[in-house]
Every structure is written in structure tokens, then in C-alpha cells.
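Student: fold the following.
(2 chains)
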Protein chains: 2
Amino acid sequence: MGRPVMRGGAMDANDQVRALRWDGATLQILDQRLLPAEVRWLVATDASETARAIHDMAVRGAPAIGLAGAYGLVMAARALASADAFGWQAGITAAVRLLAASRPTAVNLAGALSHLEIIARQGAPGDWQALERAADGLWAADLAANRRMGELGSAYLAPGTQVLTHCNTGSLATAGLGTALGVIRTAWAQDRLARVFATESRPWLQGARLTSWELNRDGIPVSLIVDSAAAFFMARGEIDWVIVGADRITANGDVANKIGTYALAVAARHHGLRFMVVAPSTTVDLALAEGGEIPIEFRGPEEVLRLAGRAGPEPLLEAPNPVFDVTPAALIDVLVTEKGAIERPDARTLAALMARS
Amino acid sequence: MGRPVMRGGAMDANDQVRALRWDGATLQILDQRLLPAEVRWLVATDASETARAIHDMAVRGAPAIGLAGAYGLVMAARALASADAFGWQAGITAAVRLLAASRPTAVNLAGALSHLEIIARQGAPGDWQALERAADGLWAADLAANRRMGELGSAYLAPGTQVLTHCNTGSLATAGLGTALGVIRTAWAQDRLARVFATESRPWLQGARLTSWELNRDGIPVSLIVDSAAAFFMARGEIDWVIVGADRITANGDVANKIGTYALAVAARHHGLRFMVVAPSTTVDLALAEGGEIPIEFRGPEEVLRLAGRAGPEPLLEAPNPVFDVTPAALIDVLVTEKGAIERPDARTLAALMARS
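Tutor: Model prediction:
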């Protein structure tokens, strides 16, 4: 990673939390591993540093890593600006491979890289600014999608709704506003929410460290609970909707998302509650038929063992650490994308949704 | 609390982990808050120190806190040995109240104290040794119950069974061997287990710190997972049985146990897996009709917030921390006590079981 630099804070000119800043030459990444204790920006100066920041989770969240990867490729292209046609193509291909390998489960990263790679291949060799414009376009489109999804999702929530969300799907995970958290923010602004529960989201604590921090900065109160307490509050009638994001959605409507999402969907169905997935259409991967085909990332055991006072695996102690799971479409009541919302998604309705302009 | 003393380790003469040691005058308590990093014994010299150790969770686990409370009352009785009849009765009553208030959910503590209080009231004033014999009897009975339950529960498990357990129900939670963990140990010795999963059990990490430590000391390998990953492994067919303990069982078979138990029961039923509760009959409270009547302990928010880098609650951040939940009898496939095992427990079958000698 590049050198860390201190900035004024995590806010942009509109006082919104941002995960990334692009200054035309380098990518500044808010180091989410340190939040909420410390606001520190890292500077990535090339594709390799960007890939490392994604792999090490300085930046995380499916849309945000897609955008980070895009700017990582822009930096690679900029360094190749004076290369010949062969060097340009080879360099772009190598950078795409490096960046795409940084995290496997979210499709947004591969999608963003593929989008820019086609532009690099079809345009003039060395025209890195065309890639920069494309990355800027992805950023603007993600932000617009989140605003649209916020409106579409919020419309489902009656005044007085009690919501539970999992992991972090806010400005830190996207170009801004957020997906599930965008719905929650919009519903809060529209005075529809009675209470927001955030699960702490072990092992990485996205809920405890990031979601509660983001919402508090917006003046939205949060009840933070351990993951395993969600069903307790469901049984007591304190939750009406579970609203989550997604890292990949397959053609039949199955959803890969943060580990624990599936357990929440099972519990929500058991209690007769409603379950909403909010994700931009860039998260939909029609190339995969169903959730069993999604590559599920397992991260190192130390993410689990550290908390137990163990440095690492021991001969008789292992800590398998899947960081995503798959929720079958049958457990999803509403799927919200910027193209529209569909209830009880399936292959037919999802294909029709994706065909909309 | 009394002064901490270092001992040779956490093992008794039979090389078994022990939560408590009674030396005829003081109660030595293995401080479970420090495990597995440090093996340190505290010495409680009176009822007040014992109550504090229970409240602060130096000792935890429904049967173990019942036994700790019993010896706490023995120490109170010993200090009252030369009191007159009035002082004896008043002192015993005060000590019972103090100890009973230390934790509310498990019934074993109230049951053990009630058992000794009757002996104190019916016997000669000052006869503290009668209470000591009664406490020793409870200890021996709990150990014998665990051995019996280990056999009864293990008989349900076919060779090659994959088990998931929650929280800690082992020697640290009981007089020895354990309840759910006693079944797992017995099944391991009988070569019936293919794999043992332990959930980390946030917020107190009983699984990560205690269960995995106990099993490893017995040479039993463990896969430690975050709580929210249990459903992921269920969906992959890697779990056949969920086996847990209990803190209180009501007349209709509802079970209060560590927060997260209920979510596991819901997920187990969703996947068609079997769910076993293992608890001595001292855990059954026929005075309560159903689980809604069980007092559920909420502990301080700092147990949740600490991990998020927050010192305590903030104006917009609360952390409701229920540490038990209730699993309805309808989700329980097998209830094992030392009196026998019953399938799909209900008020009728549980009453019949409790009537056995």
C-alpha cells in the first residue's frame, strides 16, 4: 500500500461519508479496518496497491470494490499511456487479472473491470482518459442507482417500521448513500422508521464498526446486537423487515451476501417477517444459473481465532471462515434494483427486470 | 473477590478440567473470564464474594453456578455457626437472597439454594456441616447425572455424526464432564463423531474461549465458527445434530439457553436436522408453565460495544444485550436428563419424566 495520509475527515463536500476519492492520478482509500477508532486515508498509486487494499479489506462492499478496481485499472492504463499497442493490451490484461483476483465473490469488481477492459481494447492504445471517464461514469451511475433504490425500497415500509440490517451497505460500501442502508436512510428521512437494528456482523464487525458509525453520523439512532440475537428480537415482535445488500445475484434470484444473511432469511421466514435485498443491477450475474455456482470466499482463520486469544490454528483447532453465504430466492420477499423492484424474484421476473433500460 | 492464587493448573487429580474446588473452608473458582490465555484461581471466602464471582461471570454455566451458590451458602452458614437460632435463620435467609440475586435466568442456582435453606431451617441451628454435606451431595449428583446423560444422549448418534454445539456446557459449566459437551465427549469416546463444530458464542465467547479449549485438552478436534455461519454449514450438509444445554426448562418443555440457541433451533428445523437439549433435572422448573415466564437476563451494553471500539453507549447508539433466549419445545427433537430421554417433549411427557425416581 501507498503511504497513509491524514485528511480532514471521512466526509466529502456534502458532509457525506466516502469510501474513495480519485484525484486524477491516485486513488485515496478510507481505511475501513481502522474505523471507527481512526479515520485514515491510504493512497494507492497503481493497480497492485489497489488490489492489495481490496484483498486486505481497507475498502470493502461489493459496489465500492468494483469502483476501486476501476480506478486501479485507470492507474494501470495511465502508466501504459506511452506503450505501443501490444504493450497497452498486454498491460491492461495483466492489470485486470491482478485486480479481479483480489476478491472472488462480488461480481461488481469483475463487471467493472470487464467494462473498462472493453473500452481499452476498442479505443486508441494509450487513451487512458477514456477509462477514467468510464470509471467516473460507473461512480455516478452507482450513486444514482442508490438514490433510486432508496426511494423504491422505502415505499414498501409503512410508518413505524422496525428494520434490521446486516453487515455494512452504506456510503462506505458504495459510491454513496448505500444500498440497504440507502433504503434505511431514505425511510428515516421519510419518517417511516421506528427503530433500526444493526447486527455486529462477525468476524469483521461491519455492523458494529461501520454501519452504526455511518448512521450515527446521519443522526439516526441504532440498536447494535450480536448476530445470534436477531431471532430473539424477531420472536418478540420487534422486527418487521430485514433489509440487506448483495454481493452477487444469480439468474434465478439467489443472493450471495455477507455470512449470516442466510440465517437471518431463514429466521425471518420462520417468524413471518419480510426480507428485502437491495442491490444495483451491476450485482446481478445472469451468467450463473443459481447460487450454488457462486465462488464463496473463505478468509483466514485468524479473523475468528484472534478474538478467542488464539494466534492461529492449532493441531486440534481449525476455524473455517466463509465470509459469504447464499440465500435462496424463495426466501426473498422483495428484490430492489435501480431498474425496479420485484416481489418473490425468480428467473423469469429477474430476466424481465434486467431487460429494462 | 478474594485474592487470586495460582495453582498448578485447571485440572483435578483425574486430569479433568474443574470450575470449582472446595477445601472445607473456602471456594476456589477458576476465573473463566481469563481463559484460555490464563489459568487463574480466585478464592471466595464468603457468600458475598461468591455472589460477585457469579454475577461477574468468573464462574458461569447453570449447574456450576448452582454449585458455587451452594458452597457460598455453606460459607455463610459456617460464619453463623455460633449464632443463636434467630441469628442463624436470619443470616441464612440473607445469604440466600444475596446469592440468588447474582444471576436470574438459570433455575439451578435458586434450586440449590432452596435445597440447602430447607436443611438449615429443619436442622439444628449452627450445623453448617449438614449444609456442606448437602452441597457435596449436589456436586456428586451433578457429576453422576452428566455421566448418565452422556450415555443416554450418545446413544442417539449414529457413527459418523457431525455435531454443532453452542456456548460452553462442559466441565467448566458443571461438576464435571458436562451436559451437551458430556454427550459429545461420550460420543467421541464411542467413536460416533465425524466432526464437532463449536460456535464462538458472542458476546462472551464461551465457545471460542472455553469449549474449544476443553475439547482440545481432551484431544478432540474442533471447528470453531462465527455464530452466523452455522446455517451455512447446515445448508452444505455438514451438520447432523445440534446439541446444547439449558439454563431453565419450563413445564411445557420450553428451554431457556444461551442467546443464539433459538436461532440454531430454527435453522436446524429449516434444514431437517435434529436438535437435542441436554440438562440435569435440576434445570427443570415445573413452577413455570411456559418459556415466556422465564426472566431473561440483559447484561451491560459494554459486552457488545467493547469489540466495536466503543467504550459504552452513546446518545444514538444502544446495545441491548439479552444473554439468553427461549427455544419452544416444538423445535426440540430430544430432551435428555439423567432421568431419561424424551422425544418431542411436552407438558405430559416432561411431567412423567420428572416423576421418575
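
Student: contact residues of the stretch 151-300 of chain A facing chain B?
Tutor: Contacts of the stretch 151-300 of chain A with chain B, taken as Cβ under 8 Å from any Cβ of the partner chain, map to A:199-203, A:205, A:208-209, A:212, A:215-216, A:219-233, A:235, A:259-260, A:262-263, A:266-267, A:269-270. Glycine gets a C-beta too; all of them are placed from N, C-alpha and C.

Student: again, 7 Å this time
Tutor: For the stretch 151-300 of chain A, the contact set with chain B under Cβ under 7 Å from any Cβ of the partner chain comprises A:200, A:202-203, A:205, A:208-209, A:212, A:216, A:219, A:221-232, A:235, A:259-260, A:262-263, A:266-267, A:270.

Student: hang on, residue A:238 packs against residue A:162?
Tutor: Yes: between residue A:238 and residue A:162 there is a contact under Cβ atoms under 7 Å: 5.7 Å.

Student: so for the two, which sits in the more crowded spot?
Tutor: residue A:162 (19 against 15; other Cβ atoms under 10 Å in any protein chain shown).

Student: what pairs with the strand or helix carrying that one, parallel or antiparallel?
Tutor: Here residue A:162 sits within strand A:161-165, counting by DSSP states H and E. Using DSSP bridges, the strands paired with strand A:161-165 are strand A:193-199 (parallel), strand A:241-244 (parallel).

Student: list the contacts of the nearest residue to residue A:224 once chain neighbours are set aside.
Tutor: The shortest distance from residue A:224 to any non-neighbouring residue, by Cβ to Cβ, 6 or more residues apart in numbering or on different chains, is to residue B:319 (4.6 Å). Counting by Cβ atoms under 7 Å, 6 or more residues apart in numbering or on different chains, residue B:319 makes contact with A:224, B:301, B:304, B:305, B:313.

Student: how about 10 Å then?
Tutor: With contact set as Cβ atoms under 10 Å, 6 or more residues apart in numbering or on different chains, residue B:319 has these partners: A:198, A:200, A:208, A:212, A:222-226, A:229, B:203, B:299-306, B:308, B:310, B:312-313.

Student: what's the average pLDDT for stretch A:149-167?
Tutor: Averaging pLDDT along stretch A:149-167 gives 98.

Student: check stretch A:54-62 too.
Tutor: Rounded mean pLDDT across stretch A:54-62 is 97.

Student: ok, stretch A:76-91 next?
Tutor: So the average pLDDT for stretch A:76-91 ends up being 97.

Student: stretch A:285-305 too?
Tutor: 96.

Student: for it, measure first residue to last.
Tutor: 33 Å (Cα to Cα, to the nearest Å).

Student: check which residues of that stretch are buried.
Tutor: The neighbour-count check on stretch A:285-305 (16 or more other Cβ atoms under 10 Å in any protein chain shown) flags A:285, A:288, A:291, A:294, A:296, A:297, A:299, A:301, A:303, A:304, A:305 as buried.

Student: contacting residues for the second one?
Tutor: Going back to what we said before, that points to residue A:288. A:107, A:248, A:249, A:250, A:251, A:252, A:254, A:256, A:294, A:295.

Student: between residue A:238 and residue A:162, what contacts are shared?
Tutor: Residues touching both residue A:238 and residue A:162 (Cβ under 10 Å, 6+ apart) are A:194, A:195, A:197, A:223.

Student: measure the residue nearest to the third one when sequence neighbours are not counted to residue A:199 for me?
Tutor: Yep, that's residue A:197 we're talking about. Once flanking residues are discounted, residue A:197 sits nearest to residue A:164: 4.1 Å by Cβ to Cβ, 6+ apart. Residue A:164 sits 7 Å away from residue A:199, going by Cβ to Cβ, to the nearest Å.

Student: which one of these two has more residues nearby?
Tutor: Of the pair residue A:164 and residue A:199, residue A:199 is the one with more neighbours under other Cβ under 10 Å, namely 30 against 27.

Student: hey, what's that one bridged with?
Tutor: residue A:225.

Student: quick one: contacts for the closest residue to chain B within the stretch 251-357 of chain A?
Tutor: Relative to chain B, the nearest point of the stretch 251-357 of chain A is residue A:260 (2.8 Å; Cβ to the nearest Cβ). Residue A:260 makes contacts with A:166-167, A:199-202, A:207, A:227-228, A:230, A:244, A:323-325, B:226-232, B:263, as judged by Cβ under 10 Å, 6+ apart.

Student: report the longest helix in chain A, please.
Tutor: Using DSSP state H to define each element, chain A has its longest helix at helix A:128-154.

Student: before we move on, back to that, winner for burial among the strands paired with strand A:161-165?
Tutor: Greatest average neighbour count among those goes to strand A:241-244 (a mean of 27), per mean count of other Cβ atoms under 10 Å in any protein chain shown.

Student: tell me the strands beside the following helix or strand past it, with direction?
Tutor: Sequence order places strand A:248-250 as the next helix or strand after strand A:241-244, per DSSP H and E. Strand partners for strand A:248-250, identified by DSSP bridges, are recorded as strand A:255-258 (antiparallel), strand A:284-285 (parallel).

Student: what's the following helix or strand after the longest one?
Tutor: Toward the C-terminal end, the helix or strand that comes next after strand A:255-258 (DSSP H and E) is helix A:261-270.

Student: what's the model's confidence in the next helix or strand after that following helix, averaged?
Tutor: The helix or strand immediately downstream of helix A:261-270 is strand A:274-278, counting by DSSP H and E. The average pLDDT for strand A:274-278 rounds to 98.

Student: equivalent analysis for stretch A:318-330, please.
Tutor: 97.

Student: distance from that stretch to the middle of the chain?
Tutor: 16 Å (Cα atoms, centre = their mean, to the nearest Å).

Student: what about it, start to end distance?
Tutor: Stretch A:318-330: ends 33 Å apart by Cα to Cα.

Student: go through that stretch and flag the buried ones.
Tutor: Applying 16+ other Cβ under 10 Å to stretch A:318-330 flags A:318, A:319, A:320, A:321, A:322, A:323, A:324, A:325, A:326, A:327, A:328, A:329 as buried.
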